[in-house]
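# predicted model, plus sequence, below.
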Amino acid sequence: MGAFLDLFKSLFKTISKLSRPYFTLEENDLKFKIDSDTFFHFPISNIETKTRIDPYVLEAYTLKADHIHLEYIHTDTDVNWNGEAFSFFKNLLKSELDLSYLELLEKREFKHYDFVVYKTNNDYILNLIHIYEINKDVFIIDTNSKLYESLLKNFDKKYEYKFEKNIDEIENINISLAKNNALYSFFNASGG
């Protein structure tokens, strides 16, 4: 009986580690899952959050803190994106900031994470991070590259950020796929 109980505890512990979310917000800390045993914490301050309401989401919010602009979307289980979520985010960003183009400078992909650097038509560098798991998407704009670089180094220890760092902050970034879903139908309930 003791061996069975030990096996059950071990199995439960393994499942618990695997089911931990890849991103969480804890008080003044962004927490990112690197692997089943390792998490990266990034402290934030001056936090402003807005809850986003949409009939297809269980939870959605936008967060602005220092040089970080983040949107978290947790959709219901019967909801599908009507295209690629990160492309929707990039296109909405381009539209909302009135950018004529985004030049891709870097794209790095790791399990559940996409890291992308764009140069805008006004020579501003945008560092974007997309974190995805089943029914959850997190979109991050990092305007001073600190989070981008620090988080990416958890996946590639030799990584070096090779782009010019922004001096100025983009003011009033207020981009939300959940807020604009009723207008653009980024996601909806799947048929069936």
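Received, thanks. Numbering: from 1, shown residues only.
# tell me which stretches of the chain form strands.
All strands of the chain, identified by DSSP state E, fall at 23-26, 29-33, 39-43, 48-51, 57-65, 68-75, 79-81, 102-110, 113-120, 125-133, 136-142, 187-189.
# right, and these - which one's nearest Lys165?
Proximity to Lys165 (Cβ to Cβ) singles out strand 125-133 among these, at 7.2 Å. For glycine as for every other residue, the C-beta is placed from the backbone atoms N, C-alpha and C.
# against which helices or strands is that closest one packed?
helix 85-96, strand 113-120, strand 136-142, helix 146-152 (3 or more Cβ pairs under 8 Å, 6 or more residues apart in numbering; DSSP states H and E).
# most tightly packed of those?
Of all those, strand 136-142 has the most neighbours on average by mean count of other Cβ atoms under 10 Å, namely a mean of 23.
# can you list the strands that that strand pairs with?
strand 68-75 (antiparallel), strand 125-133 (antiparallel) (DSSP bridges).
# so of these, which one's packed in deepest?
Most buried among these, counting by mean count of other Cβ under 10 Å: strand 68-75, with a mean of 22.
# how far is stretch 36-49 from where the chain is centred?
Averaging C-alpha positions (Cα atoms, centre = their mean, to the nearest Å) puts stretch 36-49 12 Å from its chain's average.
# contact partners of it?
17-18, 20, 28-34, 61-66, 68, 147, 150-151, 154 (Cβ atoms under 8 Å, 6 or more residues apart in numbering).
# filter those residues to the buried ones?
30, 32-33, 61-66, 68, 147, 150-151, 154 (16 or more other Cβ atoms under 10 Å).
# so can I have TSV of the residues you listed showing distance to Ser45 and pLDDT?
Converted to TSV, those look like this (distance: Cβ to Cβ, whole Å; pLDDT from 0 to 100):
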residue	distance to Ser45	pLDDT
Leu30	11	93
Phe32	18	93
Lys33	22	93
Tyr61	17	95
Thr62	17	96
Leu63	12	94
Lys64	11	93
Ala65	6	91
Asp66	6	84
Ile68	10	93
Leu147	13	96
Ser150	16	97
Leu151	18	97
Asn154	21	96
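# show me the shaky parts of this protein.
1-21, 171, 191-192 (pLDDT under 70).
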